[in-house]
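J.: Below is the sequence, then the predicted model.
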Amino acid sequence: MVDIAEVQAFFFRAMREGYAGSGQKTEVADMPGYKEIRFSEGDFLLVDRYCVAPNLVKSAGTTTIWFDGVPVWVMNYGGYYEEEAISILKRALSTAYQREEFFGGRGQFVFTNGGLLYTNHPRLNDFARFEGREEVFGTTGRTSLGFHDYWGMSLL
């Protein structure tokens, strides 16, 4: 069987190619309104499935990693983001994944870009068990442009 360090190393490789990277989004045939991004490498497979209600800003998703056909790790997230928050969200996520730094599976603690502020507050921050909230604020630092609550764990 695989160990958790190998799963975490795969997580970073896969997520660099996922939502925050150049991952190919496809519709999920049996789940209307859902999209997914897949990344596979050897015996590993990561699937990130998420939905956004049409004409609304609320979203939710699940990222699952399998090894040799067995689920070994999962992350769930949900909340809402205004359209103007998406670019900083992707940059914050991408920066953490490029540096292979784990902050609850999301972006680093604080990230600024273009006058926007991204914050991440993990309450638990271990790859084996984590939870927290990320949020994007407008230029004044007081207006929330959205958040995601997240949680996850190793299944090993």
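T.: Nice, I can see it.
J.: Helices of the protein, residue ranges please.
T.: Assigned by DSSP state H, the chain shows helices spanning 4-16, 86-99.
J.: Can you say which of the ones you listed is nearest to F111?
T.: Closest to F111 of those is helix 86-99 (CB to CB; 4.0 Å). Heads up, the C-betas are built off the backbone N, CA and C, glycines and all.
J.: Tell me, please, the helix or strand in the chain that averages the lowest pLDDT.
T.: strand 26-27 (a mean of 84; mean pLDDT, DSSP states H and E).
J.: Mind listing the strands that one pairs with, and their directions?
T.: Take DSSP bridges as the rule and strand 26-27 pairs in its sheet with strand 34-41 (antiparallel).
J.: Show the backbone phi and psi for the residue most central in space within the chain.
T.: Nearest residue to the geometric centre of the chain (CA atoms, centre = their mean): R106, 5.3 Å. Main-chain dihedrals, R106, degrees, to the nearest 10: phi -120, psi -150.
J.: So it is in contact with T95, correct?
T.: No. When contacts are counted by CB atoms under 8 Å, R106 is not listed as touching T95 (10.9 Å).
J.: can you map out the strands along the protein?
T.: Assigned by DSSP state E, the chain shows strands spanning 26-27, 34-41, 44-52, 58-67, 70-81, 110-113, 116-126, 129-137, 144-154.
J.: how about a markdown table for these, with mean neighbour count and distance to R91 added?
T.: Below are those laid out as a markdown table (neighbours: other CB atoms under 10 Å; distance: least, CB to CB, whole Å):
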| stretch | mean neighbour count | distance to R91 |
| --- | --- | --- |
| strand 26-27 | 10 | 23 |
| strand 34-41 | 17 | 17 |
| strand 44-52 | 19 | 17 |
| strand 58-67 | 18 | 18 |
| strand 70-81 | 18 | 13 |
| strand 110-113 | 14 | 6 |
| strand 116-126 | 17 | 8 |
| strand 129-137 | 20 | 11 |
| strand 144-154 | 19 | 14 |
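J.: closest one to V2 among those?
T.: strand 58-67 (4.5 Å).
J.: circling back to that earlier point, do you know which of the helices of the chain lies nearest R133?
T.: Among the helices of the chain, helix 86-99 comes nearest to R133, with 13.0 Å by CB to CB.
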